[in-house]
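K.L.:
task: produce atomic coordinates for the following.
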Amino acid sequence: HPGNILVRIDKPEKPWDVMLNQFVTGDTSPRPHVVLLDVGMTAELSNTDQMNLHGFFESVLELDGESAAKYILAMSPWQGCPDPEGFKSEAEVGPNE
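P.N.:
Numbering: from 1, shown residues only. The predicted structure is shown next:
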């Protein structure tokens, strides 16, 4: 549900924070933070689920829809997708989408 996803961009308040960020990353632009809210649900993720969730979010950030779809399917071992390959190819994001 979109109301449970926030994107926050913190601007450094102190000049040395900007310099430190530039030294560490070579970049001075503010970094976005994705905040996921859902206090009604808690779970402990297995190592496999953690890797799949990490891969999913990394794929989303890289606009790699096919890879994101692959991780979605991997997180749903009992899913009944009739055409997993079609799902992955349709999730692919083009450069202008």
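K.L.:
which non-adjacent residue is nearest the most centrally placed residue in the chain?
P.N.:
Among the residues of the chain, the one closest to the centroid is residue 57, at 2.0 Å (C-alpha atoms, centre = their mean). Sequence neighbours aside, residue 34 is the residue nearest to residue 57 in space, at 7.4 Å (criterion: C-beta to C-beta, 6 or more residues apart in numbering). The C-beta positions use only the backbone N, C-alpha and C, and glycine is treated the same way.
K.L.:
and the next helix or strand past the helix or strand containing the one you found?
P.N.:
Here residue 34 sits within strand 31-36, counting by DSSP states H and E. Note on strand 31-36: by DSSP H and E, the next helix or strand toward the C-terminus is helix 47-61.
K.L.:
contact partners of that next one?
P.N.:
Here helix 47-61 makes contact (C-beta atoms under 8 Å, 6 or more residues apart in numbering) with 34, 45, 65, 67-68, 70-72, 74-75.
K.L.:
buried set for the helix or strand just after it?
P.N.:
Under the assignment DSSP H and E, the closest C-terminal helix or strand after helix 47-61 is helix 65-74. Under the neighbour-count criterion of 16 or more other C-beta atoms under 10 Å, helix 65-74 has 65, 67-74 buried.
K.L.:
show me what helix 65-74 is packed up against.
P.N.:
Helices and strands touching helix 65-74, by 3 or more C-beta pairs under 8 Å, 6 or more residues apart in numbering; DSSP states H and E, are helix 47-61, helix 84-91.
K.L.:
and of those helices, who's closest to residue 4?
P.N.:
Nearest to residue 4, of all the helices and strands packed on helix 65-74, is helix 47-61, at 14.6 Å by C-beta to C-beta.
K.L.:
now the angle between helix 65-74 and the closest one, please.
P.N.:
160 degrees (axes from the mean of the first three to the mean of the last three C-alpha atoms, to 10 degrees).
K.L.:
average pLDDT for helix 47-61?
P.N.:
Helix 47-61 carries an average pLDDT of 90.
K.L.:
residues in a beta bridge with the residue nearest to residue 57, which ones?
P.N.:
Beta-bridge partners for residue 34, by DSSP bridges, are residue 7.
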